[in-house]
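Engineer: got a structure for you, letters missing:
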Ligand SMILES: *Cc1c(COP(=O)(O)O)cnc(C)c1O
């Protein structure tokens, strides 16, 4: 199929771009001997898991469903971390999982016998209380009062008997200088116990596949930890796996004017790109400019009744026409996994652009996908 034949809205994941990212991640694995997992929270398009599994070591999950998906569709190493596990799900989670990471020593005590009996490796998430990001407080697990990870104050060296590894996750879209800073805090606070661990998991948020990412510093950090503590190192990036590997194609439904030119699209920020409102950020749009940069500036909004369902202001070389298609970029990550059908919106179809440019439709959605959850 050709792109023009797709019904919009539709996510298209470009296989060539995904493979380019996977090759960069495979390079880090090869240089350091670390293991890299796909954090499914960012990207759970499982039709591509067999391909991803050719380059990475497995999947990271945040609970039962992601754990099951990883086991069913990739079938390699499967690691699960959850802020709190449910008693009625633990047995099933253990069927799918190799590593179980607990968020507190209370959770550890509650489940450690069960995990050991099932043959799982146990980790504890630590919180180095080292904030390295400004601006996005909702993405900072090191913020004061955070529920994520055990701080040094709550740390219990007396309960490490069953613990095989430490896990920390503090970064979001960050470069390796921030990882280095974080590692210094981790070592200063928890280093004395790292020697007795089998593995250390550096979490996600490493923007490894971004052009300006400093891979050498990442490699140094990994080799340093492996050498000093004699542990295996895991990374579990989500974004970096599918960064700039997908777009969201949409059509202009209507244009109008109210002090500024307006266009209503068949895709919604609130339903189909919620991070645009949550983060918030302005998604890149192909062949467009900043407001006033080009001749015709439009405020692009969604088809819902929410006044704030605004994607942003963009300028174009020509006036927008009904039926015209627009393509938002970098839409593979934190998009499909966060979709909703608010206001009865149809979910965007999901397609793959093969390396030869041909498009394969993976999934399309309809009325039942809206109705069945209500
Ligand atoms: C979100 C998350 C990741 C992935 O983060 P990215 O920013 O997508 O790389 C990895 N591990 C944990 C525990 C997470 O919560």
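Structural biologist: Now that the structure is in, tell me what you want to look at. Keep in mind that this is a model prediction, so the values were computed, not measured. Residues are numbered from 1 along each chain as shown.
Engineer: spit out the contact partners of the nearest residue to residue 281 once chain neighbours are set aside.
Structural biologist: Of all residues not flanking residue 281 in the chain, residue 275 sits nearest, at 6.8 Å (C-beta to C-beta, 6 or more residues apart in numbering). No exception for glycine: its C-beta is placed from N, CA and C like everyone else's. Contacts were defined as C-beta atoms under 8 Å, 6 or more residues apart in numbering; by that measure residue 275 touches 281, 334, 335, 338.
Engineer: turn the residues you listed into a markdown table, including neighbour count and pLDDT.
Structural biologist: Written out in a markdown table, the entries for the contacts of residue 275 read as follows (neighbours: other C-beta atoms under 10 Å; pLDDT from 0 to 100):
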| residue | neighbour count | pLDDT |
| --- | --- | --- |
| 281 | 13 | 93 |
| 334 | 19 | 97 |
| 335 | 25 | 97 |
| 338 | 15 | 97 |
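Engineer: distance-wise, check the residue nearest to residue 281 relative to residue 262.
Structural biologist: Separation of residue 275 from residue 262 (C-beta to C-beta, to the nearest Å): 23 Å.
Engineer: again with residue 203
Structural biologist: The spacing between residue 203 and residue 262, counted by C-beta to C-beta, is 41 Å.
Engineer: which of those two has more neighbours?
Structural biologist: residue 203 (24 against 16; other C-beta atoms under 10 Å).
Engineer: which residues touch that one?
Structural biologist: Going by C-beta under 8 Å, 6+ apart, residue 203 touches 167, 168, 169, 170, 171, 235, 236.
Engineer: okay, those in JSON lines with secondary structure and pLDDT next?
Structural biologist: Listed next are the contacts of residue 203 as JSON lines, based on DSSP: H, G, I helix; E, B strand; the rest coil; pLDDT from 0 to 100:
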{"residue": "167", "secondary structure": "strand", "pLDDT": "98"}
{"residue": "168", "secondary structure": "coil", "pLDDT": "98"}
{"residue": "169", "secondary structure": "coil", "pLDDT": "98"}
{"residue": "170", "secondary structure": "coil", "pLDDT": "97"}
{"residue": "171", "secondary structure": "coil", "pLDDT": "97"}
{"residue": "235", "secondary structure": "strand", "pLDDT": "98"}
{"residue": "236", "secondary structure": "coil", "pLDDT": "98"}
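Engineer: in the lowest-mean-pLDDT helix or strand in the chain, what's buried?
Structural biologist: None of the helices or strands of the chain scores lower by mean pLDDT, DSSP states H and E than helix 275-278, at a mean of 94. Within helix 275-278, the residues that qualify as buried are 276, 277, counting by 16 or more other C-beta atoms under 10 Å.
Engineer: could you do stretch 352-368 as well?
Structural biologist: Counting neighbours by 16+ other C-beta under 10 Å, one finds that the buried residues in stretch 352-368 are 352, 353, 359, 362.
Engineer: spatially central residue in this protein, please.
Structural biologist: Nearest to the centroid of the C-alpha atoms of the chain, with distances taken as C-alpha atoms, centre = their mean, sits residue 42, at 2.3 Å.
Engineer: so which bits of the stretch 151-300 of the chain are right by the ligand?
Structural biologist: 169, 172, 203, 204, 205, 236, 237, 238, 239, 240 (C-beta under 6 Å from any ligand atom).
Engineer: closest to residue 47 out of those?
Structural biologist: Taking C-beta to C-beta as the measure, residue 47 sits nearest to residue 238 out of these, at 17.2 Å.
Engineer: quick check: phi and psi on the closest residue to residue 337 other than its chain neighbours?
Structural biologist: Excluding the flanking residues, the one nearest residue 337 by C-beta to C-beta, 6+ apart is residue 44, at 5.2 Å. When quoted as degrees, to the nearest 10, the phi and psi of residue 44 stand at phi -120, psi 30.
Engineer: hang on, isn't residue 44 packed against residue 338?
Structural biologist: No. Counting by C-beta atoms under 8 Å, residue 338 is not a contact partner of residue 44; they are 10.4 Å apart.
Engineer: where exactly do the helices run in this structure?
Structural biologist: Across the chain, reading from the start of the chain, the helices by DSSP state H fall at 15-32, 49-53, 64-73, 87-96, 105-117, 176-194, 215-229, 239-242, 269-272, 275-278, 367-371.
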